[in-house]
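K.L.:
For reference, the sequence and a predicted model appear below.
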Amino acid sequence: MNCRRACAKRLLCVIRRLVQAPLQLATLLFIACVSSSLAYGPLGHEIVGAIADRKLAGTPTAEKIKVLLDGISLERASLIADDIKSWDKREPDDARGIHFRDHPKIEQQLHDFWNANPPSPDASDATPSHHWMHYTDVPVLNAERYGDGKAGRGNWDVVHTIPYCIGVLRGDIAEDNPRKITKTIALILLVHCVGDIHQPLHVGAEYFNETGEPIDPAHAISLGDEGGNSLSLVQNATPNRPRHYYHSFHAYWDLDAVRNLTIGTPDEVPKEQHQSVYAPAKEKLVANFIANEPKNWATSGDPKTWAEQWANEILPIAREAHTRVRFQHVHREEKDGRAFAKGEAHEIGTGYLDWSTQVVGDELHKAGWRLAELLQKVL
């Protein structure tokens, strides 16, 4: 699928979601095709938010959430941190952009947050980009934990953003902070970032030298794969499926594996079938996730430490996501002043689809339960 078709499909999905939303949460006149940190895509994030909504229903925590989000559900709020990426092309005040007109106070806070954390391709920029808050790029060549080094990490990556938001919600950090993360914005970021940190390619990344060989970036000049966004995934043919070429290794995990989990195919369904196919499938999946406790989901200690614990838990999976492929045609490319590794990730043998689908199911399941537990403790 080329970029134009991908953008068109994403646009149609967003329009349909907003038109059908019972609260008419936003008016969409234009949305850009967003890039690197769209973890799990709308479907995956909605699943995480929906699990938390239902687990918290009827609790005092749910009432506090309702006030902070002006009635917006966690399922819908889980998409907002990605929705505002459309402002990167057209700034928040542009009439053709996405807006939350039914929630003017929240929209103003989102404007303030975006202006305080504008998009930037320069990782050394003193002002954080709101994009950085969605991921961390810990090298996966060797078995590393988040705290073992500095390469790929940052003070405003997802592992740091989650505890910062917890601090705001607890009142340890003033709402009038330099990042303009109010309690409402903190909640919006948390419901999204808890999903992000359970996506393997939002935590681990591969690095290459100039000849295309994987290397440890801590000891040599390297080219990153931008969380798998600059690699194409090629899956081998099976008796039931021809050889398949995915445009992006990262997008495969965001979208295709989640679709396979939910509707039994990694391929997008025709637009006229979206509502009839996705709605009942998502409902069935969420109900199953709520009825059955996920394995090894509980997290101990202060909630401010949970993000790093979750990152350390998923790093071995991120590493396996890369060791199950072999890299080909990896070379240096430059765009917008940055250099990165471009190439292909070819499945070794077969079975990547089944394995990744199981991983995505386990991680979305845990993420939903963990989000509910986190909000119970923090609020």
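P.N.:
Done, it's in.
K.L.:
Please name the residues that touch the closest residue in space to Glu226 that isn't next to it in sequence.
P.N.:
In this structure, Glu226 finds its nearest non-sequential neighbour in Phe340, 5.3 Å apart by C-beta to C-beta, 6 or more residues apart in numbering. The C-beta positions use only the backbone N, C-alpha and C, and glycine is treated the same way. Taking C-beta atoms under 8 Å, 6 or more residues apart in numbering as the contact definition, Phe340 lies against 223-226, 230, 332-334.
K.L.:
can you do 10 Å?
P.N.:
Each residue near Phe340 by C-beta atoms under 10 Å, 6 or more residues apart in numbering is listed here: 207-208, 222-226, 229-231, 332-334.
K.L.:
Repeat that for Leu371.
P.N.:
48-49, 51-53, 55-56, 74, 78, 190-195, 198.
K.L.:
Helices - which of those land there?
P.N.:
With DSSP state H as the criterion, helices contain 48-49, 51-53, 55-56, 74, 190-195 from among the contacts of Leu371.
K.L.:
neighbours of the closest residue to Gly349 other than its chain neighbours, just the number please.
P.N.:
In this structure, Gly349 finds its nearest non-sequential neighbour in Asn236, 7.0 Å apart by C-beta to C-beta, 6+ apart. The tally of other residues near Asn236 (other C-beta atoms under 10 Å) stands at 15.
K.L.:
Just checking, which helix or strand of the chain averages the lowest pLDDT?
P.N.:
Ranking every helix and strand in the chain by mean pLDDT, DSSP states H and E puts strand 27-28 at the bottom, with a mean of 34.
K.L.:
which non-adjacent residue is nearest Lys377?
P.N.:
Pro303 (5.3 Å).
K.L.:
wait, Ala62
P.N.:
In space, Ala62 is closest to Leu56, 4.5 Å off (C-beta to C-beta, 6+ apart).
K.L.:
Return the distance of the one you found relative to Leu285.
P.N.:
18 Å (C-beta to C-beta, to the nearest Å).
K.L.:
repeat for Ala77
P.N.:
From Ala77 to Leu285 the distance is 19 Å (C-beta to C-beta).
K.L.:
ok, now Leu374?
P.N.:
Taking C-beta to C-beta, one finds Leu374 at 21 Å from Leu285.
K.L.:
quick revisit: now do the residue nearest to Glu226, the pLDDT please.
P.N.:
Here, the pLDDT recorded for Phe340 equals 96.
K.L.:
Could you spell out the sheet neighbours of the one helix or strand it maps to, each with its direction?
P.N.:
Per DSSP states H and E, Phe340 falls inside strand 338-347. Paired neighbours of strand 338-347 in the sheet (DSSP bridges): strand 231-235 (parallel), strand 325-335 (antiparallel).
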